[in-house]
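Peer 1: whatever this is, show me its structure:
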Amino acid sequence: MKNIIKVVATAMVATFLFATPAMASEINVEVNQTQVVFTNAQPVIQNGSTLVPVRGVFEELGITITWDSQSNTGTLTRN
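Peer 2: The predicted model follows:
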């Protein structure tokens, strides 16, 4: 019985020592109380900073985004 308790206790300690911290799998972004739907890149937390793709946010604000791959230039247009 003591051996079983030792094995269980060791397994529990190992689980807590080697487990990675749990983070939210989903980051929700809202603009004017409307949740932004990201179709390509998703928001991520990297080195303690939250990185949000601007396309989804700007499109929710009614801004049109075009990309010129030859000049590597993005153009944002509103109205």
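Peer 1: Ile63: neighbour count?
Peer 2: Ile63 has 14 neighbours, counted by other C-beta atoms under 10 Å. For every residue, glycine as well, the C-beta is placed using N, CA and C.
Peer 1: do the same with Gly56
Peer 2: 20.
Peer 1: contacting residues around it?
Peer 2: Going by C-beta atoms under 8 Å, 6 or more residues apart in numbering, Gly56 touches Val29, Val36, Val37, Phe38, Thr39.
Peer 1: okay but Asn40 is in contact with Ile65, surely?
Peer 2: No: judged on C-beta atoms under 8 Å, Asn40 makes no contact with Ile65 at a distance of 11.7 Å.
Peer 1: so which bits of stretch 28-46 are buried?
Peer 2: Val29, Val36, Phe38, Pro43 (16 or more other C-beta atoms under 10 Å).
Peer 1: what's in contact with that stretch?
Peer 2: For stretch 28-46, contacts defined as C-beta under 8 Å, 6+ apart pick out Met23, Ile27, Thr50, Leu51, Val52, Pro53, Arg55, Gly56, Val57, Glu60, Leu61.
Peer 1: the third one should be in a helix, yeah?
Peer 2: No: assessed with DSSP: H, G, I helix; E, B strand; the rest coil, Thr50 is strand; it does not lie in a helix.
Peer 1: now do the contacts for it.
Peer 2: Each residue near Thr50 by C-beta under 8 Å, 6+ apart is listed here: Ile27, Pro43, Val44.
Peer 1: how many other residues sit next to Thr75?
Peer 2: For Thr75, the count of nearby residues is 9 (other C-beta under 10 Å).
Peer 1: please disregard the earlier target; I meant Leu76.
Peer 2: For Leu76, the neighbour count with other C-beta under 10 Å is 13.
Peer 1: who does it form a beta bridge with?
Peer 2: Judged by DSSP bridges, the bridge partners of Leu76 are Ile65.
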